[in-house]
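# how would this look folded up:
(one chain, ligands or ions: 2)
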Amino acid sequence: MKQLNISVGIIRNTQKEIFITQRDASSHMAGFWEFPGGKIESGETPEQAVIRELQEEVGIEAISLVLLDTLEHRFPDRIITLHFFMVEDWKGEPYGKEGQPKRWIAQSQLNEAEFPPANEAIVRALKNNQF
Ligand SMILES: Nc1nc2c([nH]c(=O)n2[C@H]2C[C@H](O)[C@@H](COP(=O)(O)OP(=O)(O)OP(=O)(O)O)O2)c(=O)[nH]1
Ligand SMILES: [Mg+2]
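Ligands and ions are numbered 1, 2, ... in the order given. Modelled structure (predicted):
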């Protein structure tokens, strides 16, 4: 069974909008919307990984990071541990650096059905203004 450690960034602006991107058609969880992020490489902390991934995928330099939650999710073919970081201060303007579709969405308008199943609890908590 594949075991993956993932760090993702919930990029939120002062209007309480969140920046999300769409997963590539060829990837695991293709077509779902996601918080940008990816695999923690060996020797990295979860925080170092999310800083690197945000630079690579959406072109920002994260400045303020707060770990909101860590959870494990079992897919039929893999177990993933997800670290969700709130990112409220950064340098640059996030964009789809790898050509991926992106959008800003009001936190209250988030829809868990658009995200991979592992995101259900955190998306619901955000939508209900718990963070
Ligand atoms: N980035 C991201 N991945 C998520 C979320 N929810 C969720 O279940 N995942 C899963 C999908 C993937 O199995 C894994 C993330 O891997 P990834 O494909 O983004 O990894 P990566 O950026 O390092 O890319 P690569 O090395 O595979 O090219 O976590 C989410 O909100 N954001
Ligand atoms: Mg990724």
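# So which residue is dead centre in the protein?
Note on the chain: the residue nearest the mean C-alpha position is Phe35, at 2.3 Å, using Cα atoms, centre = their mean.
# anything in stretch 105-122 near ligand 1?
Yes: residues of stretch 105-122 contacting ligand 1 under Cβ under 6 Å from any ligand atom: 116, 118-119. All C-beta atoms are positioned from the backbone trio N, CA, C, and that covers glycine.
# Just the buried ones from the residues you listed?
116, 118-119 (16 or more other Cβ atoms under 10 Å).
# any chance of those residues in JSON lines, with pLDDT and secondary structure too?
What follows is those, written out as JSON lines (pLDDT from 0 to 100; DSSP: H, G, I helix; E, B strand; the rest coil):
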{"residue": "Pro116", "pLDDT": "95", "secondary structure": "coil"}
{"residue": "Ala118", "pLDDT": "94", "secondary structure": "helix"}
{"residue": "Asn119", "pLDDT": "96", "secondary structure": "helix"}
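# That'll do, ta.
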